[in-house]
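Peer 1: How does the following fold in three dimensions:
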Amino acid sequence: MFLDRHWGPGDNPKTAVHQFLKTHPEFEIDKQIDHKLLISVAPDG
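Peer 2: Next up is the predicted model:
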C-alpha cells in the first residue's frame, strides 16, 4: 500500500510487541481500554 514503508505483515511494531511479550512475562497488554473504546487506532497498543 505504501511503498516507502520499511515494514509490513510479520515485520511491524505490533509483531515486535507480541514477540517481546513472549519473553518478558512481567509485562502484559492492558485490554481494559480496548473494551471501553468504540474505535481504536492501536488495538493491543
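Peer 1: So for the top helix by length along the chain, mean pLDDT?
Peer 2: Counting by DSSP state H, the longest helix found in the chain is helix 13-23. Average pLDDT, helix 13-23: 93.
Peer 1: ok, now which ones touch Phe20?
Peer 2: Applying CB atoms under 8 Å, 6 or more residues apart in numbering to Phe20 gives the contacts Phe27. For the C-beta atoms, the positions are set from N, CA and C on the backbone; glycine is no exception.
Peer 1: Quote the end-to-end distance of stretch 32-40.
Peer 2: Across stretch 32-40, the terminal residues are separated by 12 Å (CA to CA, to the nearest Å).
Peer 1: mind saving the C-alpha coords of the longest helix of the chain as CSV?
Peer 2: The C-alpha trace of helix 13-23 is given here as CSV (Å, rounded to 0.1, in the frame of the first residue of the first chain):
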residue,chain,number,x,y,z
PRO,A,13,5.7,-2.7,15.6
LYS,A,14,2.7,-4.8,16.7
THR,A,15,4.5,-8.0,15.8
ALA,A,16,7.5,-6.8,17.7
VAL,A,17,5.4,-6.1,20.8
HIS,A,18,4.0,-9.6,20.7
GLN,A,19,7.4,-11.2,20.3
PHE,A,20,8.7,-9.1,23.2
LEU,A,21,5.9,-10.2,25.5
LYS,A,22,6.6,-13.9,24.8
THR,A,23,10.0,-13.5,26.6
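Peer 1: Can you name the secondary structure element that comes next after it?
Peer 2: Moving toward the C-terminus from helix 13-23, the next helix or strand (DSSP states H and E) is helix 32-36.
Peer 1: for Val17, what are its contacts?
Peer 2: So, once contact is read as CB under 8 Å, 6+ apart, Val17 ends up touching 29, 44-45.
Peer 1: One more: Ala16?
Peer 2: By CB under 8 Å, 6+ apart, Ala16 has no neighbours at all.
Peer 1: That one and Asp4, how far apart?
Peer 2: 19 Å (CB to CB, to the nearest Å).
Peer 1: Out of the contacts of Val17, the closest to Pro9 would be?
Peer 2: Asp44 (15.3 Å; CB to CB).
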